[in-house]
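*Asks:* A predicted structure for the sequence below; I have some questions about it.
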Amino acid sequence: MTAAGQQWTYQDWNPGLRGPRGEPYAAVEARRRFATGEDLWVVQRGPDEELVVLHVRASGRSLSSYFLDGQGRPELTYLFGTGTTPGWPEDQLLLEQSEALTYPDDRTARPSSVQTFRFQPDGRVSIVGGPPGGPVERLSSHLPVDQLQTEPVPSFGAWEPFLRRER
């Protein structure tokens, strides 16, 4: 498939090993998985070889986007899900978490810093940052609900909003 000069394939992914698991599968198999609520993975390589991996769960009601660096390490991740707060619209996904990771060099697998933002449907935001296993800084804030990042629950193949780095 092609979207704005970028190609994606369907292939299971192993985040721990930072690579594909098994062979790519056809869109018809991905559509079947989507319809039955099984996990599926969308792997996109951009024209500049940027790699984005999208993990789709529960027929599009939960999605994780992984933006990987040249060594296959996550630099940025997004987690979208349906809000658990009573009254949250069933057709909307909330950006529930964003995580930015930095590494000291191109060889080190362990990040030197992780900054995590967690968003609640009522606008509460918690921010935790620091080196893994080291001292962390915790902050909390609040956003107006209309400024929260949301996306419609996707139909099969409508992956573009979740493959977009900038938010």
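*Replies:* Great, that's in hand.

*Asks:* spit out the contact partners of the spatially closest residue to residue 129 that is not a sequence neighbour.
*Replies:* With CB to CB, 6 or more residues apart in numbering as the measure, residue 115 is the residue that lies nearest to residue 129, at 3.8 Å, once sequence neighbours are left out. Yep, even glycine has a C-beta here, placed from its N, CA and C like the rest. Each residue near residue 115 by CB atoms under 8 Å, 6 or more residues apart in numbering is listed here: 99-100, 127-129.

*Asks:* need the pLDDT of residue 115.
*Replies:* Per-residue confidence (pLDDT) for residue 115: 97.

*Asks:* got it, and residue 150?
*Replies:* For residue 150, the model assigns a pLDDT of 95.

*Asks:* which residue, neighbours along the chain excluded, lies closest to it?
*Replies:* Computed as CB to CB, 6+ apart, the closest residue to residue 150 that is not its neighbour in sequence is residue 92, at 4.9 Å.

*Asks:* next: residue 64.
*Replies:* Nearest non-adjacent residue to residue 64, counting by CB to CB, 6+ apart: residue 55, 4.4 Å away.

*Asks:* gap between the residue nearest to residue 150 and residue 147?
*Replies:* Distance, residue 92 to residue 147, by CB to CB, to the nearest Å: 14 Å.

*Asks:* the more surrounded of those two?
*Replies:* residue 92 (15 against 9; other CB atoms under 10 Å).

*Asks:* how close does that one get to residue 161?
*Replies:* Distance from residue 92 to residue 161, by CB to CB: 12 Å.

*Asks:* residues shared between the contacts of these two?
*Replies:* Joint contacts of residue 92 and residue 161 (CB under 8 Å, 6+ apart) are residue 151.

*Asks:* what about residue 163, how many residues nearby?
*Replies:* For residue 163, the neighbour count with other CB under 10 Å is 19.

*Asks:* repeat for residue 75
*Replies:* Neighbours of residue 75 (other CB under 10 Å): 18.
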